[in-house]
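Chemist: coordinates only, sequence not included:
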DNA sequence: AACCATAACGGGG
DNA sequence: GCCCCGTTATGGT
């Protein structure tokens, strides 16, 4: 056998080049299960070129008012940002019960979620405290049933840039992780009262492409007896770095979904920025995007989301102390 | 907003 | 052009 072959066999595999250069700074808060790294500087630099493409106005159908950026985040960094966020954020698999045909039914939300932000009646101070938006004084305990979480630097940077480019204002960031084609979200509108009448929502895709379906809500029969033309269903295949800005009448009149898909699909992260106007929005979002269960974190070795435990986190990369007899 | 049963679709042979 | 069957769409709960 050749000498080189043995060397190849025994030499430990070269450590994989990291997909991103981790920052030394972190966003911390008492409400976080663990600190979240700042966005790597290389990504932050490239984000200054966003939007990478001019937005395409989509208003060809009735009540449709959106802009499609293909992409918004430069393709050169979109997959890297996907890897970064999947690794550095904590996620939840929310469970709750609904009444189905009178009987309580368990719902396991078919995706991982996490949420940051607080509605417009409050704001975070520099040190992470919550104060009333008007008076600047500490909020009464009891204003929220949940514990609102400030938006970490890595997601706040993209929020600020998007606000600047679109002229919209956001105070919430929802993140969804679709692990594979079985993870999905069924048809719904983001038309909750606490978002106001004509909400603007910026929705980013990172990682695997997924179909994004839109259909008009049922149109009530016209009182004059004229026939109405149903708007066409729309299918967008959202790729890594793409962004759709939904605004105006869109949420009031259209439903959207990311349906289950057969076959092998990689993971996809969806980030949405939106503005909640009143307190009810804050508790609602934390109920359905954080829930009451524990956090999950991406395990790169096993390639899956794993239940996070404070103990294991503390001993990460550290040899456990020997026990004396 | 999800599950599930069932219908409709559509590419391969 | 038709059948097969996996995938996708739809409607009731």
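Modeler: Everything's here; your move. From a predicted model like this one, the values you see are computed outputs, not experimental measurements.
Chemist: what's near enough to touch residue A:29?
Modeler: A:128, A:149, A:150 (CB atoms under 8 Å, 6 or more residues apart in numbering). Yep, even glycine has a C-beta here, placed from its N, CA and C like the rest.
Chemist: Which positions in chain A make contact with DNA strand B?
Modeler: Within chain A, the residues that sit near DNA strand B (CB under 7 Å from any atom of the strand) are A:98, A:100, A:107, A:108, A:109, A:110, A:111, A:184, A:185, A:186, A:188, A:288.
Chemist: Go again with 10 Å.
Modeler: A:94-96, A:98-101, A:105-111, A:113, A:174, A:176, A:182-190, A:192, A:255-260, A:284-285, A:288-289 (CB under 10 Å from any atom of the strand).
Chemist: List buried residues within the residues you listed.
Modeler: Among those, those buried by neighbour count (16 or more other CB atoms under 10 Å) are A:94, A:109, A:111, A:113, A:174, A:176, A:183, A:185, A:255-256, A:258, A:260, A:284-285, A:289.
Chemist: mind listing which of those are in strands?
Modeler: Mapping these onto strands (DSSP state E) picks out A:113, A:174, A:176, A:185, A:255, A:256, A:258.
Chemist: Which members of those define the maximum pairwise distance?
Modeler: Comparing all pairs in those by CB to CB, the longest separation belongs to A:113 and A:255, at 19.3 Å.
Chemist: OK, contacts around residue A:293?
Modeler: By CB under 8 Å, 6+ apart, residue A:293 lies in contact with A:92, A:93, A:94, A:95.
Chemist: quick one, what contacts residue A:79?
Modeler: By CB under 8 Å, 6+ apart, the neighbours of residue A:79 are A:206, A:207, A:240.
Chemist: ranking these by neighbours, who comes first?
Modeler: residue A:206 (28 neighbours; other CB atoms under 10 Å).
Chemist: Next one: whichever strand or helix holds that one, is it in contact with DNA strand C?
Modeler: Secondary structure from DSSP states H and E places residue A:206 in strand A:201-207. No: against DNA strand C, strand A:201-207 shows no contacts by CB under 10 Å from any atom of the strand, the least distance being 17.5 Å.
Chemist: Just checking: what are the partner strands of that strand?
Modeler: If you go by DSSP bridges, strand A:201-207 pairs up with strand A:243-246 (antiparallel), strand A:268-274 (antiparallel).
Chemist: Which of those strands sits closest to residue A:27?
Modeler: Among those, strand A:268-274 comes nearest to residue A:27, with 15.5 Å by CB to CB.
Chemist: residues in contact with the closest one?
Modeler: If you take CB under 8 Å, 6+ apart as the criterion, strand A:268-274 is touched by A:82, A:85-86, A:155, A:158-159, A:162-163, A:168, A:170-178, A:190, A:195, A:199-210, A:258.
Chemist: List only buried entries from those residues.
Modeler: Counted by 16+ other CB under 10 Å, the contacts of strand A:268-274 give A:82, A:85-86, A:155, A:158-159, A:162, A:168, A:170-178, A:195, A:199-208, A:210, A:258 as buried.
Chemist: who in the stretch 1-150 of chain A is up against DNA strand C?
Modeler: Checking the stretch 1-150 of chain A against DNA strand C by CB under 10 Å from any atom of the strand, the hits are A:98, A:99, A:100, A:101, A:102, A:103, A:105.
Chemist: quick one: which of these is nearest residue A:55?
Modeler: Minimum distance to residue A:55 across those is 36.8 Å, recorded for residue A:98 (CB to CB).
Chemist: element containing the closest one, please.
Modeler: According to DSSP H and E, residue A:98 maps onto strand A:95-100.
Chemist: Adjacent strands (with direction) for that strand?
Modeler: Sheet pairing for strand A:95-100, assigned by DSSP bridges, gives strand A:103-108 (antiparallel).
Chemist: Residues touching the partner strand, excluding its own?
Modeler: A:93, A:95, A:96, A:97, A:98, A:99.
Chemist: pLDDT of that strand, averaged?
Modeler: Averaging pLDDT along strand A:103-108 yields 88.
Chemist: what distance separates it from the middle of the whole chain?
Modeler: Relative to its chain's centre, strand A:103-108 lies at 24 Å (CA atoms, centre = their mean, to the nearest Å).
Chemist: Over to stretch A:226-239?
Modeler: 25 Å.
Chemist: What of stretch A:121-137?
Modeler: A distance of 24 Å separates the centroid of the chain from that of stretch A:121-137, by CA atoms, centre = their mean.
Chemist: Pull out the buried positions in it.
Modeler: Burial within stretch A:121-137, assessed by neighbour count using 16+ other CB under 10 Å, is assigned to A:121, A:122, A:123, A:124, A:130.
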